[in-house]
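**Q** Return a 3D structure for these sequence lines:
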Amino acid sequence: MIFEERICIEASPQDIYSLYTDVENWSQWDKEVDYSHLMGEFKIGTKGILKPSNGPKSQIVIADAIPNKHFTVTSKLPFCVLSFEHHLQVNGKVTQVIHRVKFSGLTSFLFGKIIGKKIYKGLPSTLEGLKKRAEHNV
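**A** Residues are numbered from 1 along each chain as shown. Okay, here's the model as predicted:
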């Protein structure tokens, strides 16, 4: 099960990616996050903690990261992996930002139904928060 939203931001991929790598401050632009913390550098394999506003605290792992292009954070659920993908694509003077949420594994359909729709409902406001923060910092 996959959910996706897009937005165009008048900021460089570098400016936007710097907001992503500042994990401690995700809650400043993403109202769906109470708090987040990485236990090390922003690179593949680094673990952290994320507490969503409407859910339990979860362990996260940076599963993929190419600076200023994209990164993926994963979290394990029972028999399911929840992946949050973040992609940046330059389009003239703006950057198209794509946030994609994927559920994979034996119970992916169940978790997609239970929490996927809640996450999907929050994606537009998360992207708007990122846009405001990125354009304000330029």
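
**Q** Skipping adjacent residues, who's closest to the most centrally placed residue in the chain in space?
**A** The centre of the chain sits closest to residue 84, judged by C-alpha atoms, centre = their mean, with a distance of 5.0 Å. Sequence neighbours aside, residue 73 is the residue nearest to residue 84 in space, at 4.8 Å (criterion: C-beta to C-beta, 6 or more residues apart in numbering). Bear in mind the C-beta positions are built from the backbone N, C-alpha and C, glycine included.

**Q** Assumed the one you found was part of a strand.
**A** Yes - under DSSP: H, G, I helix; E, B strand; the rest coil, residue 73 falls within a strand.

**Q** per-residue confidence at the residue nearest to the centre of the chain?
**A** Note on residue 84: pLDDT of 97.

**Q** Sheet partners, orientation included, of the helix or strand containing it?
**A** In this structure, residue 84 is located in strand 80-91 according to DSSP states H and E. Applying DSSP bridges, strand 80-91 is found paired with strand 70-77 (antiparallel), strand 94-104 (antiparallel).

**Q** Who are the contact partners of the residue nearest to residue 84?
**A** By C-beta atoms under 8 Å, 6 or more residues apart in numbering, the residues touching residue 73 are 50, 60-63, 83-84.

**Q** Next: residue 107.
**A** 77-80.

**Q** Give me the distance between it and residue 1.
**A** Distance of residue 107 to residue 1, computed by C-beta to C-beta, to the nearest Å: 11 Å.
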